[in-house]
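sequence plus predicted model, see below.
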Amino acid sequence: MKVILAYSGGLDTSVALRWLMDKYKAEVITYTADLGQGEDLEKIREKALNTGASKAYVEDLKEEFLRNFVFPALKAGALYEGKYPLATALGRPLIAKRMVELAKREGADAVAHGCTGKGNDQVRFEVSFYALSPHLKVIAPAREWEFKSREEEVDYALKKGIPVEVTKKSPYSIDKNIWGVSIECGDLEDPDKEPPEEAYQITTSPQNAPSKPLYMEIDFEEGIPVKLDGEKLPPVTLVEKLSRWGADYGVGRIDMVEDRLVGIKSREIYEAPAAEILHTALRELESLVLDKESRFFKETVSSQYSRLVYFGLWYSPLREALDAFVERIMKVATGKVKIKLEPGRVKIAGRSSPYSLYQERLATYSGEDIFDHSAATGFINLWGLPLKIKGMVERKEG
């Protein structure tokens, strides 16, 4: 058997690599995606080979990740339960896609991942595998193997000559990419406790942020960020800059109790500075260019879109259909948004668009007002007529 294993280089996937070789007598090829996690990927590749992989692939997917997964979700306004910008959830279908392509190229019989049986990622990987290659066997070692604790995994690793980090283990489980950081476990498992400062990985505490505000201007074209302070930038550079600036001001910190796909509630914290800035800016641009009914309906679409992504249904027909709706209404989401960063806060300092529906002469209360105030009487009479009739019937005044 030949297996493609999603490989991070940590204890779980390193043990999974050797376990697959022992249990299934498999030839294991590892796949590691660079989504902007900031790790030494060459070192991870070498570790995979030293642990027994026949081949170890490492691929830079940051550009594809932003263009084809993050930005569509941004345009859709996808924030799971109104908060989480889905950094980890958006990465899984892309990794699954590339693993399936590699499996076909290498003639592999199966794909494997290191996710546990309690998390969301197992679902995101496996449902994506099913959608892209339904006949490919999927193996989840952590749901099958005999190890009942991390200590037993360490013993197995030492027995098999797998390098194990001897530094003090962080109590937190962390997943990081260019769009954000997910942090759980340790003290965070008590939802009544404030997250300790050491749990945060990339953001400065707002208390230590610069007191002088930072202004910036973001240009969008049809809902996609393309310029920063007038300079056209590729997606990776733009997001990395916003992430650094936002992190310096302590923005993008999210503390939430969320509903996991497997039916349990989980307390997690997230850091997503660039995501908070861009979601805030794009919502403000939408307020200027979208008509009222489109804005109201997009709220429903945003909620549904975020659930599909979180629940691992990126490759579903509904997600594709929602993208078509978003593409249509966001054709007018072109313009500039001025952002003001303060400690722990993203504020709007201005917005403009050639498609703006805001008409100052209609909105003003000055002498330039052209709104027909007399028309309001008839409008209110018709608008309130159903309630007026109901009130008359209830009070028998008809």
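The structure has been received and is ready for your questions.

and K159, how many neighbours?
K159: 9 surrounding residues under other C-beta atoms under 10 Å. All C-beta spots, glycine's among them, are computed from the backbone N, C-alpha and C.

so what pLDDT did T167 get?
Per-residue confidence (pLDDT) for T167: 44.

no no, G384
Looking at G384, its pLDDT is 96.

next: the one 3 residues further on.
At L387, the predicted lDDT confidence score is 96.

which stretches in the stretch 151-300 of the chain count as helices?
235-248, 273-289, 292-310 (DSSP state H, counting those that start in this stretch).

show me what the second one is packed up against.
Okay, so that is helix 273-289. Contact here means 3 or more C-beta pairs under 8 Å, 6 or more residues apart in numbering; DSSP states H and E; on that basis helix 273-289 packs against helix 71-76, strand 214-221, strand 224-228, helix 235-248, helix 292-310, strand 335-342, strand 345-352.

for R267, give me its contacts.
E184, L188, E189, D190, P191, D255, M256, V257, E258 (C-beta atoms under 8 Å, 6 or more residues apart in numbering).

tell me, how many residues neighbour the second one?
L188: 21 surrounding residues under other C-beta under 10 Å.

which strand residues bridge the nearest residue to it once chain neighbours are set aside?
Nearest non-adjacent residue to L188, counting by C-beta to C-beta, 6 or more residues apart in numbering: R267, 5.6 Å away. When assigned by DSSP bridges, R267 has beta-bridge partners V257.

try S182
What pairs with S182, by the bridge criterion (DSSP bridges), is D175, Y270.

can you give me the distance of it to V262?
S182 sits 16 Å away from V262, going by C-beta to C-beta, to the nearest Å.

which one's more surrounded, the two?
Each of S182 and V262 has its neighbours counted (other C-beta under 10 Å); S182 has more, 23 against 12.

closest one to E146 among the helices of the stretch 151-300 of the chain?
helix 292-310 (31.3 Å; C-beta to C-beta).

I'd like the next helix or strand past the closest one.
Downstream of helix 292-310, the next assigned helix or strand under DSSP states H and E is helix 317-329.

ok and that following helix relative to helix 292-310, angle-wise?
Note on geometry: by axes from the mean of the first three to the mean of the last three C-alpha atoms, to 10 degrees, helix 317-329 and helix 292-310 are set 150 degrees apart in direction.

circling back: can you check which of the helices of the stretch 151-300 of the chain gets nearest to K23?
Nearest of the helices of the stretch 151-300 of the chain to K23, taken as C-beta to C-beta: helix 292-310 at 31.4 Å.

and the closest one, what does it pack onto?
By 3+ C-beta pairs under 8 Å, 6+ apart, helix 292-310 packs against helix 71-76, helix 87-106, helix 273-289, helix 317-329.

one step back: tell me which of the helices of the stretch 151-300 of the chain is the most buried.
Ranked by mean neighbour count, the helices of the stretch 151-300 of the chain are led by helix 273-289 with a mean of 22 (mean count of other C-beta atoms under 10 Å).

the closest residue to R18 other than its chain neighbours: neighbouring residues, count only.
Once flanking residues are discounted, R18 sits nearest to K160: 4.8 Å by C-beta to C-beta, 6+ apart. Neighbour count of K160, defined by other C-beta under 10 Å: 16.

please apply the same query to A53.
Using other C-beta under 10 Å, A53 is surrounded by 24 other residues.

need the contact partners of stretch 80-91.
Contacts of stretch 80-91 (C-beta under 8 Å, 6+ apart): 33, 35, 65, 69-70, 73, 78-79, 120-121, 124, 175, 177, 179-182, 254, 256, 258-259, 268, 270, 272, 275-276, 279, 303, 306-307, 309-310, 312, 314.

write the ChimeraX selection for whichever of these are buried.
ChimeraX command restricting the contacts of stretch 80-91 to the buried ones, with burial defined by 16 or more other C-beta atoms under 10 Å:
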select :33,35,65,69,70,73,78,79,120,121,124,175,177,179,180,181,182,254,258,268,270,272,275,276,279,303,306,309,310,312,314
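
low-confidence ranges in the stretch 251-398 of the chain?
Applying pLDDT under 70 to the stretch 251-398 of the chain flags residues 397-398.

what do you get if the cut-off is 80, keeping everything else the same?
By pLDDT under 80, the weakly predicted segments of the stretch 251-398 of the chain are 396-398.

what's the answer for the stretch 51-200 of the chain, then?
Along the stretch 51-200 of the chain, segments meeting pLDDT under 80 span 164-170.

quick one, strands of it?
Under the criterion DSSP state E, counting those that start in this stretch, the stretch 51-200 of the chain contains strands at 55-60, 110-112, 137-139, 173-177, 180-184.

that older thread, quick one, which of the helices and strands packed on helix 273-289 is nearest to D323?
Smallest distance to D323 across the helices and strands packed on helix 273-289 (C-beta to C-beta): 5.8 Å, for helix 71-76.

my guess is I178 meets L238, correct?
No. Using C-beta atoms under 8 Å, I178 makes no contact with L238, being 10.6 Å away.

which one of the contacts of R267 is nearest L288?
Nearest to L288, judged by C-beta to C-beta, of these is M256 at 28.8 Å.

name the nearest residue to that closest one, ignoring sequence neighbours.
With sequence-adjacent residues excluded and distances taken as C-beta to C-beta, 6+ apart, M256 is closest to K83, at 4.9 Å.

just send the helices and strands packed on helix 292-310 back as a markdown table, with distance to D60 too.
Compiled in a markdown table, these are given as follows (distance: least, C-beta to C-beta, whole Å):
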| stretch | distance to D60 |
| --- | --- |
| helix 71-76 | 17 |
| helix 87-106 | 11 |
| helix 273-289 | 18 |
| helix 317-329 | 25 |
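
returning to that earlier point: can I get the helices and strands packed on helix 273-289 in TSV including distance to Y156?
Formatted as TSV, the helices and strands packed on helix 273-289 follow (distance: least, C-beta to C-beta, whole Å):
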stretch	distance to Y156
helix 71-76	38
strand 214-221	49
strand 224-228	46
helix 235-248	37
helix 292-310	33
strand 335-342	47
strand 345-352	46
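
many thanks, I have nothing further to ask.
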